[in-house]
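Peer 1: have a look; sequence and predicted model below, questions after that.
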Amino acid sequence: MSTPTQEAPGTLEQAPLLVLASASARRIDLLRQIGLTPDRILPADIDETPKRNETPRLYAQRMAATKANTVALNTVEPALIVAADTVVALGRRILPKAEDRETARTCLTALSGRRHTVLTAVAVAPSPAWTKGRPAARLVETAVAFSRLTEQQITALLDAGDWDGKAGGYALQGHAAAFIRFLSGSASAVIGLPLFETAQLLRGQPGRWLA
């Protein structure tokens with residue numbers, strides 16, 4: 001059961017739902033890895049355009065909080081919303097999510113032989129109907145470095161197809177793992193959801209979300 005237990009016999013308060021503000025299969029799988037299955041999957045429909053001069057750190061935090069708050073305000077039942085946003089950054093440059101092959105190629109070419117930062121922000125927000133819940137957020141930074149990629153290797157990664165929809169044009173859990181020579185930080189954050197920090201946020205909420 002993903003939701004916390006009722007606090008006392010006879011209480012009229014409904015136990016809150018656990019809502020994931022993302023349709024990402026990898027985030028669903030990561031939550032299940034720590035024993036949680038969302039009661040609802042409600043992706044947030046928001047504008048994800050970075051603001052002018054917005055740093056990758058601030059962008060990731062704003063996106064996660066906006067997703068969580070948007071879904072929370074549109075949820076009528078008592079619920080706790082979990083949202084996350086992952087940003088791949090080269091210095092202050094935010095690499096896009098690869099929605100087509102050429103964008104993925106551009107990202108992989110830029111990352112080839114270089115160290116970059118993956119910033120994943122996770123935010124939780126209670127719906128208005130769950131007054132005991134508390135908004136909270138964490139940001140996780142992970143350093144990642146690719147080996148130098150040949151044109152043949154980039155083409156092979158593109159042909160594999162697991163770049164589709166991924167920030168920076170690669171998936172740590174996919175074929176790109178064969179070319180990542182260094183990672184310092186949270187692997188689950190690079191995949192899409194920092195599990196330790198997410199668990200800490202849930203443990204900080206009223207009720208029994210996790211042991």
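Peer 2: Good, I have the coordinates.

Peer 1: who's in contact with whichever helix in the chain runs longest?
Peer 2: In the chain, taking DSSP state H as the definition, the longest helix is helix 56-73. Residues outside helix 56-73 that contact it (CB atoms under 8 Å, 6 or more residues apart in numbering) are 19, 21-22, 42, 44-46, 48, 50-51, 54, 79, 81-87, 89, 92-94, 117, 119-128, 135, 137, 139, 141. C-beta: built from backbone N, CA, C; applies to glycine.

Peer 1: that helix: what's the following helix or strand?
Peer 2: strand 79-90 (DSSP states H and E).

Peer 1: quick one: that next one to chain centroid distance?
Peer 2: 4 Å (CA atoms, centre = their mean, to the nearest Å).

Peer 1: rewinding a little: which ChimeraX command selects the buried ones in the contacts of helix 56-73?
Peer 2: Of those, the buried ones can be selected in ChimeraX as follows, counting by 16 or more other CB atoms under 10 Å:
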select :19,21,22,42,44,79,81,82,83,84,85,86,87,89,94,117,119,120,121,122,123,124,125,126,127,137,139,141
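
Peer 1: so which of the contacts of helix 56-73 are in helices?
Peer 2: Short answer: those have none in helices (DSSP H).

Peer 1: so which of the contacts of helix 56-73 are in strands?
Peer 2: The strands, defined by DSSP state E, take in 19, 79, 81-87, 89, 93-94, 117, 119-126, 137, 139, 141 from the contacts of helix 56-73.
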